[in-house]
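In: could you look at this predicted model? Sequence included:
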Amino acid sequence: MKSTVIFVVFCLLSSTYAQVFKCPPKDGQYEDPDQCDKFYECRDGEPIQKLCPDGLVFDPTIRKINKCDQPFNVDCGNRVNLQPPKPKGNCPRRNGFFAHPDPSICNIFYNCIEGEYTEIKCTAGLHFDEFSGTCVWPEAAQREGCKAKENKLDDGFVCPQESHTDQNGQVNIHPKFPNPNDCQKFYVCLNGVEPRDLGCTVGEVYNEVLQKCDAPENVPGCEDWYKDEPAPQPGKKN
């Protein structure tokens, strides 16, 4: 009997609150003036109060039936209130894109769908930005507490800070550099900031001018790089 009374009171309160909202003449879905994830579905002038899934907010400008979207896609204006969060695991809310809980880890974030998350890692050199839901350059994200990663290889190589262009004068996003101590090896700087140590196949050396692996005779100073190597035998792999 007690639970029945509570349920009836809850229904009456919800109905009373919904009746405060006045439906426009045209049926449709309309935003709540105070809460960004609350909206009303008006049918024949009667409002039915509804909530977006936890983590999403209502966008009245969407022309689809489902008008709930990610917060970074919606201008809530003065609709600053939200429903209480329903956290689960690494998801502060059931839906959305969220930064790693460790504030010092800025290149990993979570995509949450109904409380189930997928861990995603940003491209080398980028940080996750919750305001845009994407990975951006650290200076754009301006995340506090991020660890300054030392982008240095074991041999001491670090990516030069200045930008580099290719033979056509275009900025090279992932520039390459020769290894001064090994003609076969070279470095590539992902997004210009994160170094990787790579190498050409046996029999080739890195050509700095062409920015690719080439025959030794085409690279001054590396012509005799393989002169002491045994000749490959037919049918055998090196």
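Out: Received the coordinates, thanks.

In: who touches the longest strand seen in the chain?
Out: Scanning the chain for the longest strand, with DSSP state E as the assignment, gives strand 182-190. Strand 182-190 is contacted from outside by 123-125, 153, 157, 159-160, 174-179, 195-200, 202, 204-206, 216, 219, 221-222, 225, using Cβ atoms under 8 Å, 6 or more residues apart in numbering. The C-beta positions use only the backbone N, C-alpha and C, and glycine is treated the same way.

In: quick one: the helices in this structure, in order.
Out: For the chain, the helices defined by DSSP state H occupy 2-20, 138-141.

In: what's the least confident stretch among those helices?
Out: Confidence, taken as mean pLDDT, is least for helix 2-20 of these (a mean of 44).

In: on that earlier part again, quick one: which of the contacts of strand 182-190 sit in strands?
Out: Reading strands off the contacts of strand 182-190 with DSSP E, I get K176, F177, P178, N179, P195, R196, D197, L198, G199, V205, Y206.

In: state the mean pLDDT of stretch 192-204.
Out: Averaging pLDDT along stretch 192-204 gives 90.

In: same deal with stretch 225-233?
Out: Stretch 225-233 carries an average pLDDT of 70.

In: burial of K176, as a residue count?
Out: K176: 18 surrounding residues under other Cβ atoms under 10 Å.

In: number of nearby residues for N179?
Out: N179: 17 neighbours (other Cβ under 10 Å).

In: tell me how far it lies from L198.
Out: Distance of N179 to L198, computed by Cβ to Cβ, to the nearest Å: 9 Å.

In: same check, this time on L153
Out: 11 Å.

In: and G45, by the same measure?
Out: Separation of G45 from L198 (Cβ to Cβ): 68 Å.

In: who's more crowded, those two?
Out: Using other Cβ under 10 Å as the criterion, G45 and L198 rank with L198 on top: 14 against 11.

In: if that one is in a bridge, with which residues?
Out: F186 (DSSP bridges).

In: so, low pLDDT: which residues of this structure?
Out: Scanning the chain for pLDDT under 70 picks out 1-19, 147-150, 229-238.

In: give the contact list for the closest residue to G89 other than its chain neighbours.
Out: In space, and not counting its chain neighbours, G89 is closest to Y117: 6.3 Å by Cβ to Cβ, 6 or more residues apart in numbering. Remark: with contacts taken as Cβ under 8 Å, 6+ apart, Y117 is in contact with G89, N90, C91, Y110, N111.

In: mind giving me the ChimeraX select for the residues you listed, buried ones only?
Out: Buried members of those, defined by 16 or more other Cβ atoms under 10 Å, are picked up in ChimeraX with:
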select :90,91,110
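
In: could you list which of the contacts of Y117 belong to strands?
Out: Y110, N111.

In: which single one of the ones in strands among the contacts of strand 182-190 is nearest to C52?
Out: Each of the ones in strands among the contacts of strand 182-190 was scored against C52 by Cβ to Cβ, and R196 proved nearest at 42.6 Å.

In: quick check: the closest residue to the closest one other than its chain neighbours vs N81, distance?
Out: Once flanking residues are discounted, R196 sits nearest to V188: 5.0 Å by Cβ to Cβ, 6+ apart. Taking Cβ to Cβ as the measure, V188 falls 49 Å from N81.

In: have a look at those two and say which one is more surrounded.
Out: Ranked by neighbour count (other Cβ under 10 Å), V188 and N81 place V188 first, with 16 against 13.
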